[in-house]
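**Student:** using only what follows, build the 3D model:
(3 chains)
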Amino acid sequence: MSTLHTVNKSPFEKRSLESCLGYAQAGSSVLLYEDAVYGAIKGTGIADKMSNAAGVKFFVMGPDLKARGVSDDKLLDGIEIVDYAGFVKLAAENDRVQAWV
Amino acid sequence: MSENIKKFMYLNRRAPYGTIYAWESLEVVLIGAAFDQDVSLAFLDDGVYQLVKGQDTKGVEMKNFSPTYQALGDYDVTKLYVEKESLEERGLSLEDLMPLTYEDEDDDWAEKDSIRLVSRAELAGIMEEQDILFSF
Amino acid sequence: MKFAIQVNEGPYQHQATDSAYQFARAALEAGHEIMRVFFYHDGVNNGTNLTTPPQDDRNIVNRWSELAKEHDLDLVVCVAAAQRRGIVDEGEMQRNGKDAQNIADGFRISGLGQLIEAGVQSDRLVVFGD
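**Tutor:** Residues are numbered from 1 along each chain as shown, chains lettered A, B, ... in the order given. Coordinates of the predicted model:
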């Protein structure tokens, strides 16, 4: 049984990503989309918390990165870029979706 | 409706009154009670503020909806998980919260606490057991 | 897979309804079923036919109406939230003594029970909010 956690707010605006990381269990997935894609960038204040999330798979929404002018080379290692079809796939493959708004 | 009963969890992460999410999410819980699913509420982050006792809204001229939390017991909604870490971070304890109770019909109508104080780790485990999670 | 979608925010103010729309379209393209899209809180504002967005940007309301028509989607606007925010159909107009209605094509106003039912009957509930 695995959870897809979705986070859509910037971690520098709201603590939703931080809270999510406190809950995401090993084997779960976290999708960053909308303004939360800023949390996928290397070297930010939340990068350590992201790296310390043991066993959690991170995904980031490509269209939202592009919209905000964030290039792929700026991203933390190991984050997979997906599109909306990928979002749907993640939602179907995990047992439940938990939105951290 | 003879399908399997699902586990529904309502996530409450915001303070009351500053936005409508707390109140409108409660309206969902009340309607949802009629559907006989396995329902629980989770209060974490600023959501714990929703349960603080002594809310007096006269000065802001908004409806005080805090009594509705007490009514949940009558609707068979008896599992209100409150996250310890969120309380502590806000300088709150169980004593600051409304004493929410329900009458357990399986135990001679004994009055029991609806609020279940849980750690973040415990609540994370409970969330992993849910089928459907509502966010507001 | 049968999806239920919940949209908590209105058009343009937040990206929530855009993301929900893109998700819905992708899900349909992948052959999944969208059992219902339920609009709650300010999300009910996606259901007004009175918007006139600039021509050079997406028309959020029409986009939902068109998707609903193309795929026979059930777009439901919560009645209680709609009453608070002024989204009105024929029935609400009569019941509440309003002199106009503004519900957009493809949307219908109904109770919160529709959201719960969507949770009961779908395989996954995906919530878009702020």
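**Student:** quick one: residues contacting residue A:27.
**Tutor:** Shown in contact with residue A:27 (Cβ atoms under 8 Å, 6 or more residues apart in numbering or on different chains): A:2, A:55, A:56. Just so you know, the C-beta spots here come from the backbone N, C-alpha and C atoms, and that holds for glycine as well.
**Student:** residue nearest the centroid of chain A?
**Tutor:** Among the residues of chain A, the one closest to the centroid is residue A:32, at 3.0 Å (Cα atoms, centre = their mean).
**Student:** and chain C, which of its residues are near chain B?
**Tutor:** Selection of chain C residues close to chain B by Cβ under 8 Å from any Cβ of the partner chain yields C:6, C:8, C:40-41, C:80-81, C:111-113, C:115-117, C:119-120, C:125, C:127, C:129.
**Student:** mind listing what residue 13 touches?
**Tutor:** No chain in the question, so chain A it is. Neighbouring residues of residue A:13 by Cβ under 8 Å, 6+ apart: residue A:35.
**Student:** wrong one, I was asking about chain C
**Tutor:** Counting by Cβ under 8 Å, 6+ apart, residue C:13 touches residue C:42.
**Student:** pLDDT score assigned to it?
**Tutor:** At residue C:13, the pLDDT value in this model is 98.
**Student:** ramachandran angles for residue 96?
**Tutor:** This is for chain A. Torsion angles at residue A:96 (phi, psi; degrees, to the nearest 10) stand at phi -150, psi 160.
**Student:** if you could check chain C rather than the one you did, that'd help
**Tutor:** With angles defined as degrees, to the nearest 10, residue C:96 sits at phi -110, psi 10.
**Student:** what average pLDDT does the longest helix along chain B get?
**Tutor:** With secondary structure taken from DSSP state H, chain B has its longest helix at helix B:21-32. Average pLDDT, helix B:21-32: 97.
**Student:** mind checking the SS state of residue A:11?
**Tutor:** Here residue A:11 is coil, with the state taken from DSSP: H, G, I helix; E, B strand; the rest coil.
**Student:** relative to chain C, how far out is it?
**Tutor:** Going from residue A:11 to chain C by Cβ to the nearest Cβ, to the nearest Å gives 15 Å.
**Student:** before we move on, what about residue B:40?
**Tutor:** Distance of residue B:40 to chain C, computed by Cβ to the nearest Cβ: 14 Å.
**Student:** for that residue, which non-adjacent residue is closest in space?
**Tutor:** Take residue B:40 and drop its neighbours on the chain: the residue closest to it by Cβ to Cβ, 6 or more residues apart in numbering or on different chains is residue B:79, 3.8 Å away.
**Student:** show me what contacts the one you found?
**Tutor:** Neighbour list for residue B:79: B:39, B:40, B:41, B:114, B:116 [criterion: Cβ under 8 Å, 6+ apart].
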